[in-house]
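Trainee: This is a predicted model, with the sequence first.
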Amino acid sequence: MHDRSALAELRIDRFVRERLTAHIHRATVPLEIELWEAPGEPVTFAEASAAPFAPFATGRAWGRPWGTSWLRVRGEVPSSWRVNGSLPEGTRAELVVDLGFTSGQVGFQSEAMVWSTDGRPLRGIAPFNNAVVEAIDADGRIDVFIEAASNPDVGSLFTFEPTPLGDPTTAGTEHIYRLRQVDVALRDLEVAALRADTVALRGLSEQLDAGSSRRAEILAGLEKMIDAVDPDDVSGTAAAGRAVLAPLLARPAHASAHTLHAVAHAHIDSAWLWPVRETARKVARTFSNVLSLMDEDPDYVFASSSAQQFAWVKQYYPDLYARIVERVREGRFIPVGSMWVESDTNMPGGEALARQFVAGKGFFQREFGIDTPEVWLPDSFGYTGALPQIAKAAGARWFLTQKISWNETNRMPHHTFQWEGIDGTRLFTHFPPVDKYNSEVSAADLAHAERNYADKGRGTVSLLPYGFGDGGGGPTREMTAAIARAASLEGSPRTVHSTPQEFFRTAEQEYPQPEVWAGELYLEFHRGTYTSQLPTKQGNRRSEHLLREAELWAATASVRTGAPYPQERLARVWETVLLQQFHDILPGSSIAWVHRDAERNYAAVARELEAIIAESLAALGGVGSHRLAVNAAPHARAGAPALGAAPAAVPASVPPVIGGDGWVLDNGIVRARIDARGLVTSLIDLATGRDAVAPGAVLGLPQLHRDTPTQWDAWDIDAHYRHHVRDLDAVDSVTIDGAALVVTRSFGSSLLVERIHLEEGSRVLSFDLDIDWHEQQKLLKFAFPLDLHTHSAASEIQFGHIERPIHTNTSWDAARFETVAHRWVRVAEPDFGVAIVNDSTYGHDITRRAREGGGTETVARLSLVRGALFPDPTQDQGRHRVHVGVAVGADVETAVREGYRANLPVRTIEAAVETIEPLVTVDHPGVVVEAVKLAEDGSGDVVVRLYEALGRRAATRVGVEFTAAGITQTDLLEREVAPTALVSADAAHADLALRPFEIVTLRVRRV
């Protein structure tokens, strides 16, 4: 028989376009429209509904960038549509709105919320989700308001061209949309069903082998369907067409078919190519759509992460929130994820990442009585090796992401596996093999998920996250229709409505001992996110450390003096900081508007926390003339104990001395030689005589690279950046200012001023960098070529550190050419090491190269600042201050201590007392107190969180320096758990035995 399959496919596709899609609605009638354009930011319904509306019509332009226009829409269902007073069987009247949708992606352009006249949000409007049944009352009347957001498409086609649209001050004021349709329409449910049947079978045919009998049968059946449908009476003959296709759809899936657990969700970015304020509206639109779809489809369930997004709905849309609460109780609207937001996990500090769970799980428990068992992070840019322990310590059992499928070089060998963290904790993990978090439930997606699944023979199930995401929208009725048809369909994987918990329980049961992946889940992509938007990163780092101080001193003041503990103030600040750790804010990949907001928020956070710290220290110290050093760090310094205060003994810096062709800084521990270019030519540990500087090299060398990523500008640093480098070794001047050597360098349109100094008693040579940055598509690095031969480097992460290879033996090693570290990195030989600390940045690269005289040397570099053009063409332009220090002869304990020192400066106060005693003490140098606070439940109990920092087993005694009733070990949510580290305890102390990198939370009950 002749092969007519190509012609059949063309015929079928045209039939769908011209006969089915075009006849979904039997009739449409325009409605009466009025419009009012809000003059500035969005307004409440009450204000908008009372505004002066003016007549408007389709075809007219509306909406300046980032503006809001309100439409008043009135009309009724035509009586001519009714038969004996009712609409024809198999039809439904609905409001259909086209705001002027573009070819860009859903969620990246105009969208709207439909409101009733009494102020109830009814349903969102977006491309492919623009029909509103709820707008029509029982008598067929339509009288609604439409809150239309004219959000510009900043770049959903991802050509990465610079655009002014990401900042309202440069986005312009011209109207950017043209209203296309506001009609009441009569939907033909049988034609819609026929279209869903046809799309399901046509899509399946494309996934089958060209020689497959099933494919030939499907194409023949689809052609017979076309013959059965009268093109002049599609509505009247759609049922006949469906009858032809019914046997094809009834063929069950193969017994061995993979099963996809379809979980509806929306993955709404809490900010990205839109500001935070718009996200709150996106969430409301999406959630209202979800509730509407639940009314239509009783099998449909929806999972939604991010407690912050629920909190927005509760605050701004109480009626909508009440409806959500009811669906949560039914088990159909499912809070997931356990976190305040879908945060980045590379850069938040340990305590902050823990608080993501404390805040997120706490909200879901208070609001819904739910203890979410999973971590749901489909889109974050890599996952810290500390996450399994943090998640388990919060009561989570499972982890889901798909982002590692974006790897540029290597493919992960598993989709379902145990993920082992740096401490040995294992977390049951799943990567949906569909390789996306916003499937449209196409046949192509279903087939890819089954083919791609890496654990065949051991597992038979995977999760299918579906629904329009990023900018919201969520699932559509077409997606749920596709699931219904793929429930059991020959040639396709089984596809069933499910929940995350149902999937994970099924997967665990059938695959109880999966393979193990140890260490971080490094994303071989988006490596520039460790560096982009330096002010945002500095704001995060500073806020985390201020929160540590504020909680410590507020708790100390409450216990010592009875001062009120500012629980609500601290909670509000935490929520702000946690929100800004969202995976497109902290990584620096959002529009300018988002980052300007972040900087303002961080400034407000700093003011509030400084006020709490000042109030607490005033309560503790009183008014007097004793000069105290106040030390919030976990190590003693400047004469003050860890977590306490004592008479100040703040060390001075040693003055530079002219020596040869340059200067010498020598404090008896370290001797540094700086040449006439302001570069360090020698850095000697005087106890061992070891020089840290590689032969012929210089430390503290600024280097400028061309930075033109292949794709995602603000996200990516590509390996080819190394092809172009300029050593910024030219100097404008080198001067002495007090005890500092001041080096000034100009390059391009920018200026770099370095203050190099060395404190008495310290082994850290410090560089205080003042960068006036005006470069674009450039990357500034700060290089330390070290005379150390090693195969790996240690980088601080949350609650510990990770050792990474620095050679390129494998493709996995080669792809890890830019890595994340928090306060320090360390490279070492067995008997000598060097640590580099910083107070601002996270991006590093650590490599090896041939050494003069033989062997290899190690080059450690910090990525300081970039100048990407998309999505913020002004990224990082302006002035920045960064502190970097190099610690010579540093073991891991020294690296940990100096990392805290760089980020937690000692405060000095004038007080009436001579000391402030710490609330708790620890007698092991490798056990670090990360947080001291009062309990979340308001009981007044003291909560202490600590961890083993050196990667060794440690036995320590925690002393309690106040009257207590007892000590218990808890999880992160401060719920008592069976002791893992607590050996014994009484009211005065607790003896602990910690495994490497173990996190322990202790609750000290107050008398």
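Mentor: Nice, I can see it. These numbers were taken from a predicted model, which means no experiment stands behind them. Numbering: from 1, shown residues only.
Trainee: Just the local confidence number for Met1, please.
Mentor: Met1 is assigned a pLDDT of 65 by the prediction.
Trainee: One more: Gly659?
Mentor: Gly659 is given a pLDDT of 84.
Trainee: Pop out the phi and psi values for it.
Mentor: phi -150, psi 110 (degrees, to the nearest 10).
Trainee: all strands in the stretch 601-750 of the chain, in order from the N-terminus.
Mentor: 626-631, 644-647, 657-658, 662-666, 670-675, 680-685, 690-691, 701-706, 725-727, 733-737, 740-747, 750-758 (DSSP state E, counting those that start in this stretch).
Trainee: how about JSON lines for the ones you listed, with distance to Arg1003 added?
Mentor: C-beta: built from backbone N, CA, C; applies to glycine. Below are the strands of the stretch 601-750 of the chain laid out as JSON lines (distance: least, CB to CB, whole Å):
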{"stretch": "strand 626-631", "distance to Arg1003": "24"}
{"stretch": "strand 644-647", "distance to Arg1003": "21"}
{"stretch": "strand 657-658", "distance to Arg1003": "53"}
{"stretch": "strand 662-666", "distance to Arg1003": "47"}
{"stretch": "strand 670-675", "distance to Arg1003": "42"}
{"stretch": "strand 680-685", "distance to Arg1003": "43"}
{"stretch": "strand 690-691", "distance to Arg1003": "45"}
{"stretch": "strand 701-706", "distance to Arg1003": "48"}
{"stretch": "strand 725-727", "distance to Arg1003": "52"}
{"stretch": "strand 733-737", "distance to Arg1003": "49"}
{"stretch": "strand 740-747", "distance to Arg1003": "46"}
{"stretch": "strand 750-758", "distance to Arg1003": "43"}
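Trainee: and Arg485, which of the ones you listed is closest to it?
Mentor: With CB to CB, the closest approach to Arg485 among the strands of the stretch 601-750 of the chain belongs to strand 701-706: 51.3 Å.
Trainee: Report the distance from the closest one to the chain centre.
Mentor: 29 Å (CA atoms, centre = their mean, to the nearest Å).
Trainee: Likewise for stretch 844-852?
Mentor: Taking the mean of its C-alpha atoms, stretch 844-852 sits 32 Å from the chain's own mean (CA atoms, centre = their mean).
Trainee: Kindly report the same for stretch 321-338.
Mentor: Computed by CA atoms, centre = their mean, the chain-centroid distance of stretch 321-338 equals 22 Å.
Trainee: List the buried residues of that stretch.
Mentor: If you call a residue buried by 16 or more other CB atoms under 10 Å, then stretch 321-338 has these buried ones: 321, 323-324, 327-328, 332-338.
Trainee: go on, stretch 791-811?
Mentor: 793-802, 804-806.
Trainee: cool, and stretch 29-49?
Mentor: Buried residues in stretch 29-49, defined by neighbour count with 16+ other CB under 10 Å: 31, 33-37, 42-43, 45, 48-49.
Trainee: among those, which are in strands?
Mentor: Within the buried residues of stretch 29-49, residues falling in strands by DSSP state E are 33-37.
Trainee: From the contact counts, what lies against the helix or strand bottoming out on mean pLDDT in the chain?
Mentor: Ranked by mean pLDDT, DSSP states H and E, the weakest helix or strand in the chain is strand 657-658, scoring a mean of 93. Strand 657-658 sits against strand 662-666, with contacts defined as 3 or more CB pairs under 8 Å, 6 or more residues apart in numbering; DSSP states H and E.
Trainee: Paired strands for the strand it packs on, with orientation please.
Mentor: Strand 662-666 has its sheet partners listed here by DSSP bridges as strand 657-658 (antiparallel), strand 670-675 (antiparallel).
Trainee: Can you tell me what sits against that strand?
Mentor: Residues outside strand 662-666 that contact it (CB atoms under 8 Å, 6 or more residues apart in numbering) are 654, 656-658, 671-676, 681, 734, 736, 741, 756-758, 765.
Trainee: Now list the buried members of these.
Mentor: Taking 16+ other CB under 10 Å as the criterion, what is buried in these is 654, 656, 671-675, 681, 734, 741, 756-758, 765.
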